[in-house]
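[1] 3D model of this:
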Amino acid sequence: MDEEDLESTSITSAMFQEGDVQENILRPKMLRDFQGQERVKTNLDVFIKAAVERGEALDHVFLIGPPGLGKTTLASIVANEMGSEIKMTSAPALDKPKDLAGVLTNISENSVFFIDEIHRLKPALEEMLYIAMEDFEIDWVIGQGPSARTMRIPIPHFTLIGATTKAGMVSSPLQTRFGITFRFEYYTEKELSDIISRSAKIINVKIEKDAVSMLAKCSRGTPRIANRLLRRFRDFAVVKGSGVINTEIVKNSIDSLGIDLNGLEDQDRNILRTIIDYYDGGPVGAETLSISVGESIETLEDFYEPYLIQKGYLKRTPRGRMVTKRAYTLLGLESRMPKNIDTDAQGLLFE
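    Take a look at the predicted model:
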C-alpha cells in the first residue's frame, strides 16, 4: 500500500464522522447518560470494566436493530468509556481490500473500529476481517503474476463494532467472530419521554410535561425521530405560539406534518391502503408493494414495516404482506373487511 491509499481511507473515515453534526449535539457521551436499552447497558458496563481492568481491548461487538435506536451512539460511548480513539465508516465506503487495510494498519492499540451497515460488506473484505478479528493480522499480496507473494502484517489489538439492521444478511462466519452481541428494541414511551426532556434542556427549548408524553407517543419508539420532531415542534412553537411546546402546539404540528398520535405518517397509511385497495388486503410480495407505493424495498423493509408490524397493522407471512383487522379500523374501512380475516393483530414475522 502506498501513502495515497492510506490517506484516502482515513479521509473516508473522517467524512463519516462529520456527516450528522446536529445529531452529535444530542448524543450522550457516556454510558450513564444513555437512556433505555437497560439490559444492553448493564451487560456492556460489566464487559467494559473487565476489559479496562485487564488492560485489554474489548471483545468485538455486534449491534442489531432498526435504524435510529442508538447503535452509532453506543459505539462512540464504548470508545469514551474505554478511553480510546474511534474510527467510523460504513460498509459501502469500503470498496476494496486496500481501503480496509488502510484503516486497520493505522488504528492505535485498544482502539474502536466501527462499521455501520456491516451486512453490505463485500466478501473479499469479510475474509480480510476474519484474520484481523481473530489473529490481529492481515494478509497482503505483494507483486503480481508468478512473483506475487503473500505477507502477513501484524496490526494493533482493536475492538470491531459492527452495526446492522439486517442480521440475517450477515454471513455466519462473520457473526460468530463477534464475542458480544446486542439486539436493540424499540423504546417505551417512558424512555422516550426521558430522552425528549434531556434533549429539550440541551437545545434550550421549553416543553410542558403533557406535551413530552404526547411527543413520545408519536415518535415510533425511536429516539432519532423523537429528537427530529422536537426540533420541528420548536419551530412551530416559535412561529405560531409563545415559544413553549404545549399539547396544542404538538397537535397542530403533527397535523401539519401528516403524523398521528400513533406515530404513523402519510406513507404508513398509504402502504396499508394500497394493500387493501389493490391487493384485497394481501398477501402481496415486498417487491411488488415497494413499486406500488414508490419506495425502495430497503426503506420499506427497514423503516416502515417493522413499526407497522409492531403496532399490529401489518404482518409478514410465507405468502407475502397482509394487513390485519386493526388496519381496516385505523383507515375507517371496516365495511370492506373480509369476514374470514385473521384477527391475530401481530401475526408472524418471516425474514
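[2] nearest spatial neighbour of the most centrally placed residue in the chain, skipping sequence neighbours?
    Closest to where the C-alpha atoms of the chain average out (CA atoms, centre = their mean) is residue 67, at 2.5 Å. Computed as CB to CB, 6 or more residues apart in numbering, the closest residue to residue 67 that is not its neighbour in sequence is residue 165, at 5.7 Å. Bear in mind the C-beta positions are built from the backbone N, C-alpha and C, glycine included.
[3] One more: residue 104?
    Nearest non-adjacent residue to residue 104, counting by CB to CB, 6+ apart: residue 155, 4.9 Å away.
[4] That neighbour contacts residue 106, doesn't it?
    No - assessed by CB atoms under 8 Å, residue 155 is found out of contact with residue 106, at 9.2 Å.
[5] Check which helices and strands the helix or strand containing residue 292 is in contact with.
    Using DSSP states H and E, residue 292 falls within helix 286-293. Applying 3 or more CB pairs under 8 Å, 6 or more residues apart in numbering; DSSP states H and E, one finds that helix 286-293 contacts helix 266-279, helix 297-299, strand 320-323.
[6] Give the other helices and strands that the shortest one contacts.
    Read that as helix 297-299. If you count contacts as 3+ CB pairs under 8 Å, 6+ apart, helix 297-299 packs onto helix 286-293.
[7] rewinding a little: list the contacts of the residue nearest to residue 104.
    104-105, 107, 132, 136-138 (CB atoms under 8 Å, 6 or more residues apart in numbering).
[8] farthest pair in these?
    Greatest spacing in the contacts of residue 155, by CB to CB: 107 and 137 (13.3 Å).
[9] Low-confidence regions, the stretch 51-200 of the chain specifically.
    143, 145, 147-148 (pLDDT under 70).
[10] Please enumerate the helices of the stretch 1-150 of the chain.
    In the stretch 1-150 of the chain, the segments counted as helices under DSSP state H, counting those that start in this stretch are 3-17, 21-26, 38-54, 71-82, 97-104, 123-135.
[11] and of these, who's closest to residue 261?
    When the helices of the stretch 1-150 of the chain are compared by CB to CB, helix 21-26 sits nearest residue 261, at 23.2 Å.
[12] isn't residue 136 right up against residue 157?
    Yes - the pair residue 136 / residue 157 is scored as a contact, 5.4 Å apart, by CB under 8 Å.
[13] Tell me how this protein divides into domains.
    3-183, 189-257, 266-336 (automatic domain parsing).
[14] sorry, back to before: what residues are up against the residue nearest to the centre of the chain?
    Counted by CB under 8 Å, 6+ apart, residue 67 has contacts 165, 222, 224, 302-303.
[15] Pipe the residues you listed into a markdown table and attach neighbour count per row.
    Listed next are the contacts of residue 67 as a markdown table, based on neighbours: other CB atoms under 10 Å:
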| residue | neighbour count |
| --- | --- |
| 165 | 22 |
| 222 | 22 |
| 224 | 20 |
| 302 | 14 |
| 303 | 22 |
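[16] So which of those sit within helices?
    Judged by DSSP state H, the contacts of residue 67 include residue 224 as members of helices.
[17] Restricted to strands, list the contacts of residue 67.
    Nothing among the contacts of residue 67 maps onto strands, per DSSP state E.
[18] Include distance to residue 121 when you put the contacts of residue 67 into TSV, please.
    Formatted as TSV, the contacts of residue 67 follow (distance: CB to CB, whole Å):
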residue	distance to residue 121
165	14
222	25
224	23
302	17
303	21
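[19] between the contacts of residue 67, which is closest to residue 120?
    Of these, the one sitting nearest to residue 120 (CB to CB) turns out to be residue 165, at 10.3 Å.
[20] now that closest one: how far from residue 292?
    Plainly put, residue 165 is 22 Å away from residue 292 if you go by CB to CB, to the nearest Å.
[21] Check residue 107 too.
    Between residue 107 and residue 292 the distance, using CB to CB, works out to 46 Å.
[22] before we move on, what about residue 69?
    Computed as CB to CB, the residue 69 to residue 292 distance reads 28 Å.
[23] likewise residue 311?
    According to CB to CB, residue 311 and residue 292 sit 21 Å apart.
[24] Those two: who's more crowded?
    Neighbour count, other CB atoms under 10 Å: between residue 311 and residue 292, residue 311 has more, with 21 against 16.
[25] what's around the closest residue to the more buried one other than its chain neighbours, how many residues?
    Of all residues not flanking residue 311 in the chain, residue 262 sits nearest, at 6.4 Å (CB to CB, 6+ apart). Applying other CB under 10 Å, we find 13 residues neighbouring residue 262.
[26] cool, and the one 3 residues further on?
    Here the neighbour count serves as a burial measure; for residue 265 (other CB under 10 Å) it reads 19.
[27] And it, what's its pLDDT?
    At residue 265, the model reports a pLDDT of 93.
[28] show me the contacts for the residue nearest to residue 34 when sequence neighbours are not counted.
    What sits nearest to residue 34 in space, not counting adjacent residues and going by CB to CB, 6+ apart, is residue 28, at 4.9 Å. Contact partners of residue 28, counting by CB under 8 Å, 6+ apart, are 34-35, 73, 77.
[29] From residue 191, how far off is residue 28?
    Going from residue 28 to residue 191 by CB to CB gives 13 Å.
[30] The stretch 151-300 of the chain: strands as residue ranges?
    Remark: strands assigned in the stretch 151-300 of the chain by DSSP state E, counting those that start in this stretch are 158-164, 180-183, 206-207, 244-245.
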